[in-house]
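**Q** any chance you could fold what I've pasted below:
(2 chains)
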Amino acid sequence: MEQKLTHVIKNLFDVDMTVVLTRPEPQFGDWATNAALQLAGRVGKNPREIAELIADSLRESREFSEVSVAGPGFINIRLGDGTLLAALDEVARTDMSRVYAVEYSCPNAFKELHTGHLYQTIVGDILARLIETTGNTVHRTSFGGDVGLHVAKCLWGMVATLDGESPEKLSQVEETPFARARWISECYVKGAGAYEESDETKAVIDELNKTIYAFHTDDIHDTPLAQMYWTTRQWSFDYFDAFYDLLRVDHMRYIPESETMPIGMSVVREQLEKGNLKESEGAIVFEGDESKHLHTRVFVTGRGLPTYETKDIGVIWLEKEAYDFDRRVLLTGNDQQEYMRVVFAAAETFRPELTDTMTHLTNGTVRFGDGGKMSSRLGNVTRAIDVFDTVREKVRELVQDEALIDTVTLGAIKYVFAKYKLGGDIAFDINETVSLAGNSGPYIQYAHARARSVMAKSDKAPEMTERYALDAGERELVRKLGEYSDAVLRATTDLSSHHICNYLFELAQEFNRFYEKTRVIGSEHEAQRLWLVGRYADTLRDGLGLLGIEAPTSM
RNA sequence: GCACCCGUAGCUCAGCGGAUUAGAGUACUUGGCUUCGAACCAAGUGGUCGCAAGUUCGAAUCUUGCCGGGUGUACCA
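**A** Residues are numbered from 1 along each chain as shown, chains lettered A, B, ... in the order given. Predicted structure coming up:
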C-alpha cells in the first residue's frame, strides 16, 4: 500500500516521500493518508488539488472500491472485499535474526518474590517472546544477590531459629519450595530485626557477611554454616523455578552475584590501570560527565568491597561472553534509571563495541487500589504469592471447572500487567483484575471459548473465497482482523505489550457486535461465517499466546 | 539545586513520528435474551487534554517557561 502511494506520488510530482497510512474511522474507509497536506508545501499547490490528482490515479486500480478526498485534503481509501480478505494473510513482521540477551525478574536469593517481581517477570516474559517472534534468538537471564548483607542477616536468623549451626535441622522445614522460601524469609525478618536492635548482633552479622563471601572465594562447603548456606541457597533457586512454573513463564538463566563479582572486579582493575576508573577518597569511582548529566558513582568502596555497579558490569561481561549478544534488553524498576545510565556509560567506555547495543526499560511500581473492599482485605500485600492466591480465590467463585482455575487466574493477572504502557505506575484493583467484563484477560478468554463453541456446533466446513461479497457486519470484522499484524508490529517495535491488549479487546468487541446481529449457524452463508468465526478465534488465541496466556476452548 | 518520568471524563487508562467530530473500560441512567454461550449488545450523561506562550493553514501530540505529583542524585541495592 505505502509503496504504491509512494510510486504514484513520485510519478505525479517527482517527489520522494514516505507515505504514512492510518486506519481512519470506518465511515471514511479502510485506509487514509494526509500525504497531500504534507506535499502542499513542497509542491506549491492547494492540498485538495493534490489529493484529487492522487485519488484519480489510485482509482485506476481495481484493488480499491472507492477513493475519496475529504476535509482539507485527506485521501480515504476503501478496499475491495477480495483485497481486504487477501490482506489478512499478509504478515507485517520483519525477521531481524539478531541475538538478544533479555534480563528481567531479578529477585535476590534468600528472599521471596514480591509484587514488583511478579509484574516484571510477566512483562519480561512477554517482551522476550515478542522479540523472539520477530525472528531473533533470545537468551533470558535473571540476576540477583546470593551474597551480601541481606544473606548474612538471613543466615543469622536461620542459626537463631534452629538454635545453632545445625544443617541437619534444616530437615525440620516443610519440604516444598514455597514453604522453604517462606521459612527463609521468616529467618531474614528475624535477622534484619536483630541487626537494628543490638550493636553486638550487628557486629556478628557484619562478620558473617565476610564469612559468606569466603564461602565463594575459598570454595568452602564443609563447615556446618557453609552447608546451611549452600543448601538454603539451592532452596532459593528451586523456589524461583517453582514460582516460574506456577506462572507458566519461560525459565531464565539465574546469574548470581557471586558469579559476576570476580568478573566485575577484574574489569575494575583493568580499567583502573587504563585510567577509565579513578581512585577518589579511598574508593574506586567512575567519574560522571556533567555535560551529559551523569553523576559519579562508586565501583569499589573504601573498604575494598565491590558495589552493584561492579557486579552489573560483571553481568554484562558475562552475558557478552556467554551469548555474544547483538543487543541486550534490561528491565528494572524505574528508580534505577539514572543509576543504569551511569553503568551503561561506564560499560561503553570500557568496551566501545557495546555502544548503542543495550536498552534499559523500566517499569513503575504496582499500587493497590484504595477504598475497595477487596483491596482492604489485601491490605499491604507485597508478596507475589498472595496476589496470586487472592486472584485465584476470586476466580474460583466464577469458574466451575477446577482444571481451568489456574489458567483463568493467570489470564487475569498477566493481562492486567500487560495492558499498561510500560513505565508508569500501575493501579492494581483486585475486582477489576478478575472481572470477566471489560478489558480483561478472562473477557478475552471467554470471547475465545464462545467462538470455539459456535464452531463446534456446526458440522459444515468453514470456507471463504475472495469473491464472496461481505455484508456490512462481516466487513467490519474482516477489517478489524486485518489490523492484527499492525498491532503486533507496534508491540514489537515499541516493546510494549499494551498494543496487543487494546487490539484484542477491540477485536472482541467488534466480533460481539457482528455476532449480535448476524446469524451464523443455519444461515445460507454458514460456511463463510464459520470461516470468519474461526479466523477470529485463531487471532484471539495467537494474540493471547504472545501475552503468555492460554486460550481454553471452553470455560 | 540538577536530571529523569508523569499530569487526558468521577475512577483506571489508551491516543502523543501534528490532521477528518479527543477515545475505551469502569461507575451512573435506559432499552434488548422461548433462536448459535447476555461474562454480551445498543443508546445516554460525563473532558476549556495541568497552566501560559511559541512554531504551523492545523497542536492532547512539537518547542520554551511555569504549576503540581513521583523517582534518582559517591562507598545501599
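
**Q** list the helices and strands the helix or strand A:T433 falls within packs on?
**A** Element membership of A:T433 [criterion: DSSP states H and E] is helix A:430-434. Counting contacts by 3 or more CB pairs under 8 Å, 6 or more residues apart in numbering; DSSP states H and E, helix A:430-434 packs against helix A:373-378, helix A:384-398, helix A:405-418. (Glycine included, C-beta is placed from N, CA and C.)

**Q** among those, which comes closest to A:C106?
**A** Each of the helices and strands packed on helix A:430-434 was checked against A:C106 via CB to CB, and the shortest separation belongs to helix A:384-398, namely 13.2 Å.

**Q** which other helices and strands contact that closest one?
**A** Under the contact criterion of 3+ CB pairs under 8 Å, 6+ apart, helix A:384-398 touches helix A:115-133, helix A:224-247, helix A:373-378, helix A:405-418, helix A:430-434.

**Q** show me what the mean pLDDT comes to for stretch A:100-109.
**A** Per-residue pLDDT values across stretch A:100-109 average out to 95.

**Q** do the same with stretch A:466-477
**A** Here stretch A:466-477 scores 91 as its mean pLDDT.

**Q** how about stretch A:260-278?
**A** Mean per-residue pLDDT for stretch A:260-278: 95.

**Q** which of the helices and strands packed on helix A:384-398 is buried the deepest?
**A** The highest average neighbour count among the helices and strands packed on helix A:384-398, using mean count of other CB atoms under 10 Å, belongs to helix A:405-418 at a mean of 25.

**Q** and for that helix, what's in contact with it?
**A** With CB atoms under 8 Å, 6 or more residues apart in numbering as the contact definition, helix A:405-418 has outside contacts at A:118-119, A:122-123, A:126, A:247-248, A:387-388, A:391-392, A:395-396, A:398-399, A:426, A:428, A:432-434, A:440-442, A:444-445, A:497-498, A:500-501, A:544, A:547-550, A:552, A:555.

**Q** ok, of those residues, which come out buried?
**A** By neighbour count, with 16 or more other CB atoms under 10 Å, the contacts of helix A:405-418 hold A:118-119, A:122-123, A:126, A:247, A:387-388, A:391-392, A:395, A:399, A:426, A:428, A:432-434, A:440-442, A:444-445, A:497-498, A:500-501, A:544, A:547-550, A:552, A:555 as buried.

**Q** need the next SSE after the helix holding A:T433, C-terminal direction.
**A** Later in the chain than helix A:430-434, the nearest helix or strand by DSSP H and E is helix A:441-457.

**Q** avg pLDDT for that next one?
**A** Per-region confidence: helix A:441-457 scores 95 on mean pLDDT.

**Q** just the residues contacting the helix or strand following it, thanks.
**A** With elements assigned by DSSP H and E, the helix or strand that comes after helix A:441-457 is helix A:472-481. Contacts made with helix A:472-481 from outside it, assessed by CB under 8 Å, 6+ apart, are listed as A:26, A:30, A:81, A:84-85, A:88, A:470, A:506-507, A:510-511, A:513-514, A:517-518, A:528-529, A:532, A:535-536, A:539.

**Q** hmm, helix A:472-481 touching RNA strand B?
**A** No - under the criterion of CB under 7 Å from any atom of the strand, helix A:472-481 makes no contact with RNA strand B; the nearest approach is 10.1 Å.

**Q** also stretch A:50-64?
**A** No - for a cut-off given as CB under 7 Å from any atom of the strand, stretch A:50-64 has no contacts with RNA strand B; the smallest distance is 10.9 Å.

**Q** okay, buried residues for that stretch please.
**A** Residues of stretch A:50-64 classed as buried under the neighbour-count rule (16+ other CB under 10 Å) are A:I50, A:A51, A:E52, A:L53, A:I54, A:A55, A:S57, A:L58, A:F64.

**Q** what do you get for stretch A:309-326?
**A** Within stretch A:309-326, the residues that qualify as buried are A:309-320, A:323, A:325, counting by 16+ other CB under 10 Å.

**Q** next structured bit after the helix or strand in which A:S65 is found?
**A** Remark: A:S65 resides in strand A:64-70, with elements defined by DSSP H and E. Remark: after strand A:64-70, the chain's next helix or strand is strand A:74-79, criterion DSSP H and E.

**Q** which ones are touching the nearest residue to A:Y484 once chain neighbours are set aside?
**A** Excluding its sequence neighbours, the residue lying closest to A:Y484 (CB to CB, 6 or more residues apart in numbering) is A:T539, at 5.3 Å. A:T539 is in contact with A:L481, A:Y484, A:L507, counting by CB under 8 Å, 6+ apart.

**Q** can you list the helices and strands packed on helix A:430-434 in TSV and add mean pLDDT and distance to A:L294?
**A** Output for the helices and strands packed on helix A:430-434, formatted as TSV (pLDDT from 0 to 100; distance: least, CB to CB, whole Å):
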stretch	mean pLDDT	distance to A:L294
helix A:373-378	39	40
helix A:384-398	89	34
helix A:405-418	95	31
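
**Q** wait, which of those helices is closest to A:G288?
**A** Between those, helix A:405-418 lies closest to A:G288; by CB to CB that is 34.0 Å.

**Q** distance from the chain centre to the closest one, please.
**A** 14 Å (CA atoms, centre = their mean, to the nearest Å).

**Q** between that helix and helix A:115-133, how big is the angle?
**A** Using axes from the mean of the first three to the mean of the last three CA atoms, to 10 degrees, the direction of helix A:405-418 lies 90 degrees away from that of helix A:115-133.

**Q** pull the residues that contact the next helix or strand after helix A:405-418.
**A** Per DSSP H and E, the first helix or strand lying C-terminal to helix A:405-418 is strand A:426-428. Residues outside strand A:426-428 that contact it (CB under 8 Å, 6+ apart): A:T115, A:Y119, A:G364, A:T365, A:V366, A:R367, A:F368, A:G369, A:V387, A:V416, A:F417, A:Y420.

**Q** show me how the record splits chain A into domains.
**A** What automatic domain parsing lists as the domains of chain A is A:2-79, A:99-145+A:253-363, A:149-247, A:373-546.

**Q** residues in contact with A:H499?
**A** Under the criterion of CB under 8 Å, 6+ apart, the neighbours of A:H499 are A:A487, A:R490, A:A491.

**Q** can you give me the buried ones in the host helix or strand of it?
**A** When elements are assigned from DSSP H and E, A:H499 belongs to helix A:498-517. Of the residues in helix A:498-517, those buried under the neighbour-count criterion (16+ other CB under 10 Å) are A:498-505, A:507-508, A:510-511, A:514-515.
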